[in-house]
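Undergrad: following is a predicted model, sequence given first.
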Amino acid sequence: MAVAVIRRGDTVIAAIQSDLNDGEVLALRAELLDRVGRHRLTGIVIDVGALDVIDSFTARALRDIATSARLRGAETIVVGIQPEVAIAMVHFRLDLDPLRTALDLDEALDRLEGLPTGG
């Protein structure tokens with residue numbers, strides 16, 4: 001899988017390094033949710049900066065990660081959406097709700113650190 005996954009405190013950071021096929025997207029979803037449960041993580045940051053396209057399948061998988069992680073006590077933030085990708089997502093009306101986004105890793109980590117615990 002072309003994703004570097006590292007842990008930083010109570011947060012896991014997944015940096016996607018190249019386009020993923022559907023199987024790799026599903027494997028990433030399973031790995032992130034497993035780590036949230038196993039390590040009682042409170043945050044997930046997914047860096048999609050290397051993606052040239054976020055299709056409906058990937059968008060749905062990202063939403064599923066956010067929804068499932070929230071039910072397990074973790075917030076998910078996606079960072080690095082390229083301007084061209086964002087324009088295409090709006091054009092094709094891809095819905096990322098309830099995903100939160102940030103411009104970069106620093107902003108995402110600041111947001112996660114500012115979240116109240118237990119809620």
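TA: Cool, the structure landed.
Undergrad: and the residue positioned nearest the centre of the chain, what helix or strand is that in?
TA: Centroid check for the chain by C-alpha atoms, centre = their mean gives Ile46 as the closest residue, at 3.3 Å. Following DSSP states H and E, one finds Ile46 within strand 43-47.
Undergrad: residues near the closest residue to Ile81 other than its chain neighbours, how many?
TA: Spatial nearest neighbour of Ile81, chain neighbours left out: Val48 (5.9 Å); criterion: C-beta to C-beta, 6 or more residues apart in numbering. The way it works is simple: take the backbone N, C-alpha and C, and place the C-beta from them, glycine included. Counted with other C-beta atoms under 10 Å, residues neighbouring Val48 total 19.
Undergrad: okay, buried residues for stretch 49-59 please.
TA: Leu51, Ile54, Asp55, Thr58, Ala59 (16 or more other C-beta atoms under 10 Å).
Undergrad: residues touching the worst-scoring helix or strand of the chain on mean pLDDT, excluding its own?
TA: Within the chain, confidence by mean pLDDT, DSSP states H and E is lowest for helix 83-91 among all helices and strands, at a mean of 92. Here helix 83-91 makes contact (C-beta atoms under 8 Å, 6 or more residues apart in numbering) with Val48, Leu51, Asp52, Val53, Ile54, Ala59, Ile81, Leu96.
Undergrad: after it, next one along is what?
TA: strand 100-102.
Undergrad: would you list the phi and psi of Val12?
TA: phi -110, psi 140 (degrees, to the nearest 10).
Undergrad: to clarify, my last question referred to Asp34.
TA: According to degrees, to the nearest 10, Asp34 has phi -60, psi -40.
Undergrad: and for it, the neighbour number?
TA: Asp34 - counted by other C-beta under 10 Å - has 10 other residues nearby.
Undergrad: cool, and Asp10?
TA: 16.
Undergrad: repeat that for the one 10 residues further on.
TA: Taking other C-beta under 10 Å as the criterion, the count of residues near Leu20 is 21.
Undergrad: what's the closest non-adjacent residue to it?
TA: Ala2 (6.5 Å).
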